[in-house]
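Asks: Quick one: sequence plus predicted model below, questions after.
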Amino acid sequence: MPRDRAKESPAGAAIAERVTQLGHSLQARGVDVTVAEIIDAARAATLVDLGSRSEFRVALRATLIKDARHLALFDAVFDRLFPLSGSGGAPGGDAAAIDPVSVVAFDSDPAALAASLVAEHGGFDGELRGERHHLQRALRAADLAQLMSDARRANPELPTAELRERIEQLKQLMAAEVRYRLGESSPIPLDPAVQDIEFLNATRHQLDDIRDAVRPLARRLAARLARRRQARHGRSVNFRRTIRQSLSTGGTPVDIAYQRARSHRPELFVLCDISGSVAHFSVFTLTLMAALSAEIPRCRSFVFVDAVDEVTDLLAATDHGIEPWQLMRNTNVIAGDGHSDYGAVLSQFWDQVGSGEMSPNSTLLITGDARTNYLDKRVEMLEEIAGRCRAVYWLNPEPRADWDTHDSEMDAYARHCTETFEVRTVRQLVSCVERLL
């Protein structure tokens, strides 16, 4: 077959689909990959020798990766989507054909083998349980002691120390694959330059760096939430729909129909103080939560100083990238002297939103320093809200040691919160949001 017509064959169509999945997987993990680059990668796949795995890998890497920091991530996703076949054939071969002995004895890259063993023996087709359960099932089936013995006989020249290192690497890759399938991947990577900068002490340049880091982090969090949701619900077959659909193909079930997941869809209300020094912290929180809106259906965002205004549509219109001054200019959050008034805000929020729209499925996330400027704190209003919804969480950007000093009423409000968090840095913000969601 001429190389430029490969994409017209069924195999070529499958390769193009896998290339598209590769691009989307990289996007979900925070890599900047455009639609045009995915198209270029699919075209590049038609111009290289698909029998050469290295040539195929280089072609996709050249079209999809612009930053050397993402090369390791690319290789990991590539190996999952294009596993080696037992004979070293074209990319996208059947993972079940991988010969474990050959991989361990002669191949120093067992990533595809690890993925194949976990997929076949990890027990993910049944009830999902803990990481240890699925990993032990895969390890028992792999029988690494026997595998090591067979590999030593297949390649007597391989040093014992290197053979043991390959077996250990295989175990680690299998554990990583199990975590990936359960949605419990490694901690979200943070840029060391910004992860521990305190919001309240950051310079303008540091705030810009934090803003650049928040949105990729949100995409990674969204991808993790999607995997967790899929893992929870699984994919059970709907036999009635499958049989009904097979009537159009003469009774052959070509397309399998799956049960539609009936997920619990709680409402999330985000209420953020945008006064003074806490404004930037609140904007970062809004950016993070709004960017997760695809995985948090029915999320509504509100901001306040001494009055409350909803900004859900405003955040969507600005693609979740907004400055504190834009919030001030486009909202009605100042009703009096412009000093934060938590008592008045909680009362207004209860009257306009809480009493009529919150339910036992609702969660309220409040961000702010709880400094009332010595005004009436109206704790009873937060008590009313907490009694109406499922949970109330409070994120405070000040050090915990500063809570309840001067005009801070954090302790009084904390009595009616499900949990309170000290969130002074990006690291703490991401950790907190990931835990809550």
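Replies: That came through, no problem. Treat the numbers as computed from the prediction; the structure is a model and nothing was measured.
Asks: quick one: secondary structure of residue 271?
Replies: Using DSSP: H, G, I helix; E, B strand; the rest coil, the secondary structure recorded for residue 271 is strand.
Asks: Surely it touches residue 367?
Replies: Yes. The pair residue 271 / residue 367 is scored as a contact, 7.4 Å apart, by Cβ atoms under 8 Å. From N, CA and C alone the C-beta is placed, and that goes for glycine too.
Asks: where do the strands sit along the chain?
Replies: Taking DSSP state E, the strands of the chain run over residues 267-273, 299-304, 308-310, 362-367, 391-396, 419-422.
Asks: Turn the ones you listed into JSON lines, columns for distance to residue 347 and mean pLDDT.
Replies: Listed next are those as JSON lines, based on distance: least, Cβ to Cβ, whole Å; pLDDT from 0 to 100:
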{"stretch": "strand 267-273", "distance to residue 347": "13", "mean pLDDT": "92"}
{"stretch": "strand 299-304", "distance to residue 347": "11", "mean pLDDT": "92"}
{"stretch": "strand 308-310", "distance to residue 347": "9", "mean pLDDT": "95"}
{"stretch": "strand 362-367", "distance to residue 347": "14", "mean pLDDT": "94"}
{"stretch": "strand 391-396", "distance to residue 347": "16", "mean pLDDT": "95"}
{"stretch": "strand 419-422", "distance to residue 347": "21", "mean pLDDT": "95"}
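Asks: okay, those in TSV with distance to residue 317 and mean neighbour count next?
Replies: Formatted as TSV, these follow (distance: least, Cβ to Cβ, whole Å; neighbours: other Cβ atoms under 10 Å):
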stretch	distance to residue 317	mean neighbour count
strand 267-273	17	23
strand 299-304	12	23
strand 308-310	13	19
strand 362-367	21	24
strand 391-396	25	21
strand 419-422	29	18
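Asks: and of these, who's closest to residue 33?
Replies: Among those, strand 299-304 comes nearest to residue 33, with 25.8 Å by Cβ to Cβ.
Asks: returning to what we had before: got the strands of the chain as CSV, with distance to residue 240 columns?
Replies: As requested, those are exported to CSV (distance: least, Cβ to Cβ, whole Å):
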stretch, distance to residue 240
strand 267-273, 33
strand 299-304, 34
strand 308-310, 43
strand 362-367, 35
strand 391-396, 38
strand 419-422, 44
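Asks: quick one: which of these is nearest residue 73?
Replies: Distance to residue 73, taken as Cβ to Cβ, is lowest for strand 299-304 among the strands of the chain, at 28.2 Å.
Asks: contacts for that closest one?
Replies: Strand 299-304 is contacted by residues 267-274, 282, 286, 289-290, 292-293, 308-312, 315, 327, 331, 333, 340, 345, 349, 353 when judged by Cβ atoms under 8 Å, 6 or more residues apart in numbering.
Asks: For residue 362, see how far away residue 304 is.
Replies: Residue 304 sits 18 Å away from residue 362, going by Cβ to Cβ, to the nearest Å.
Asks: Which residue ranges of the stretch 301-437 of the chain form helices?
Replies: Here the stretch 301-437 of the chain has its helices, by DSSP state H, counting those that start in this stretch, at 312-317, 324-330, 342-349, 355-357, 379-388, 410-414, 426-436.
Asks: from these, which stretch is densest packed?
Replies: Compared across the helices of the stretch 301-437 of the chain, helix 342-349 shows the largest average neighbour count, a mean of 22 (mean count of other Cβ atoms under 10 Å).
Asks: Adding mean pLDDT, write the helices of the stretch 301-437 of the chain out as a markdown table.
Replies: Shown next, in a markdown table, are the helices of the stretch 301-437 of the chain (pLDDT from 0 to 100):
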| stretch | mean pLDDT |
| --- | --- |
| helix 312-317 | 82 |
| helix 324-330 | 85 |
| helix 342-349 | 96 |
| helix 355-357 | 90 |
| helix 379-388 | 95 |
| helix 410-414 | 96 |
| helix 426-436 | 83 |
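Asks: could I get those as a markdown table with distance to residue 160?
Replies: Formatted as a markdown table, the helices of the stretch 301-437 of the chain follow (distance: least, Cβ to Cβ, whole Å):
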| stretch | distance to residue 160 |
| --- | --- |
| helix 312-317 | 59 |
| helix 324-330 | 62 |
| helix 342-349 | 67 |
| helix 355-357 | 67 |
| helix 379-388 | 62 |
| helix 410-414 | 59 |
| helix 426-436 | 42 |
